[in-house]
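>>> kindly return the folded structure for what I paste below:
(one chain, ligands or ions: 1)
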Amino acid sequence: MSQLSPDDLLKQLQWRYATKQFDKTKTIPNDTWEAIEDSLVLTPSSFGLQPWHFFVIKNPELRNELLPHSWGQPQVTDCSHFVVLAGKTSMSEDEIDFFLERTTKIRGGEIEALNPYRDMMLGFTSQMDAAAQLQWAKLQTYIALGQLMTSAALLGVDACPMEGISAEEYDRILGLPEKGLTTSVACALGYRSNDDKYATAPKVRFEKSELLTSL
Ligand SMILES: Cc1cc2nc3c(=O)[nH]c(=O)nc-3n(C[C@H](O)[C@H](O)[C@H](O)COP(=O)(O)O)c2cc1C
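Alright, predicted model coming up:
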């Protein structure tokens, strides 16, 4: 297993920044994009339930439609690939069973052997009301967002995470409620424009001592 050096990791994390201006002429190559999609799929989640769906929006008309509901941020239309991360609006017993069937298919064994795990997951999800389930699913999507941004940075791809969007309008345009989904956050990916002054702005972070305590 090859290992990234600590220096290389920090170099890439320093290199990444929330890109404000993308170079419209540059497209992420297919093999790089495939790896980024796979990194999304590999995102870990609570219990492994993956309460999300990711929409990769390439269609320029659809992006134009989303633009006014994104505080007019040009990253939506100028980036190479625009991803909307959506959370499941509820986690039903059927969804949990679907996950357990998949687990058995991949790992083998009898599905009944997973009953204690099933009971634990149902115990966890059933004690949440609809709002809490939604909140939980949205929290999970942020793990995917983090993985997406870091994976992109390691591959030399620029990204801008975007909460400055109207989830209601995105839901309407993408037809998410009928799919049992709701917009959580978005991410524009591509390559920075030479004119983006934010690319060279020093990072604003609190001191490590203010953020981290070793006990
Ligand atoms: C969840 C999340 C949502 C964000 N939403 C936006 C956004 O809508 N538009 C934008 O330009 N930047 C957005 N940002 C970028 C942050 O402002 C930026 O990450 C932060 O200022 C740190 O700067 P850096 O990422 O360049 O290091 C968002 C960041 C995160 C993590």
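
>>> spell out which parts of the chain neighbour the ligand.
Residues of the chain lying close to the ligand by Cβ under 6 Å from any ligand atom are Tyr17, Ala18, Lys20, Gln73, Cys160, Pro161, Met162, Glu163, Gly164, Val185, Lys203. C-beta coordinates here come from the backbone N, C-alpha and C atoms, glycine included.

>>> show me how far the strand or helix carrying Leu139 is from its chain's centre.
According to DSSP states H and E, Leu139 maps onto helix 130-154. Offset of helix 130-154 from its chain centre (Cα atoms, centre = their mean, to the nearest Å): 5 Å.

>>> burial of the closest residue to the ligand within the chain, as a residue count?
Taking Cβ to the nearest ligand atom as the measure, the point where the chain comes nearest the ligand is Gly164, at 2.9 Å. The burial metric for Gly164, expressed as a neighbour count using other Cβ atoms under 10 Å, is 15.

>>> distance-wise, check it relative to Gly72.
9 Å (Cβ to Cβ, to the nearest Å).

>>> repeat for Ile36
With distances defined as Cβ to Cβ, the gap from Ile36 to Gly72 amounts to 26 Å.

>>> need the nearest residue in space to Leu66, chain neighbours excluded.
In this structure, Leu66 finds its nearest non-sequential neighbour in Val76, 5.6 Å apart by Cβ to Cβ, 6 or more residues apart in numbering.

>>> would you list the phi and psi of the nearest residue to Leu114 once chain neighbours are set aside?
Distance criterion Cβ to Cβ, 6+ apart; nearest residue to Leu114, sequence neighbours excluded, is Leu100 at 5.0 Å. Main-chain torsions, Leu100, degrees, to the nearest 10: phi -70, psi -40.

>>> quick one: contacts for Leu100?
By Cβ atoms under 8 Å, 6 or more residues apart in numbering, the contact list for Leu100 reads Ile111, Leu114, Tyr117, Arg118.

>>> next helix or strand past the helix or strand encompassing Thr183?
Element membership for Thr183, per DSSP H and E: strand 181-190. Counting by DSSP H and E, the next helix or strand C-terminal to strand 181-190 is helix 208-211.

>>> just give me the residue right at the centre of the chain.
Centroid-nearest residue in the chain: Leu145, 3.0 Å away (criterion: Cα atoms, centre = their mean).

>>> sorry, back to before: who are the packing partners of the strand holding Thr183?
Strand 181-190 is packed against helix 75-78, strand 81-88, helix 130-154, strand 158-162, helix 167-174, with contacts defined by 3 or more Cβ pairs under 8 Å, 6 or more residues apart in numbering; DSSP states H and E.

>>> export those to TSV and tack on mean pLDDT and distance to Glu65?
Rendered in TSV, the data for these read as follows (pLDDT from 0 to 100; distance: least, Cβ to Cβ, whole Å):
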stretch	mean pLDDT	distance to Glu65
helix 75-78	98	10
strand 81-88	98	12
helix 130-154	97	22
strand 158-162	98	16
helix 167-174	98	6
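
>>> relative to Asp195, which of the ones you listed is closest?
helix 75-78 (11.4 Å; Cβ to Cβ).

>>> please save the CA atoms from the closest one in PDB.
In PDB, the C-alpha atoms belonging to helix 75-78 read as follows (Å, rounded to 0.1, in the frame of the first residue of the first chain):
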ATOM      1  CA  GLN A  75     -19.200  28.400 -10.000                       C
ATOM      2  CA  VAL A  76     -22.500  26.600 -10.700                       C
ATOM      3  CA  THR A  77     -22.300  27.200 -14.400                       C
ATOM      4  CA  ASP A  78     -18.500  27.700 -14.900                       C
END
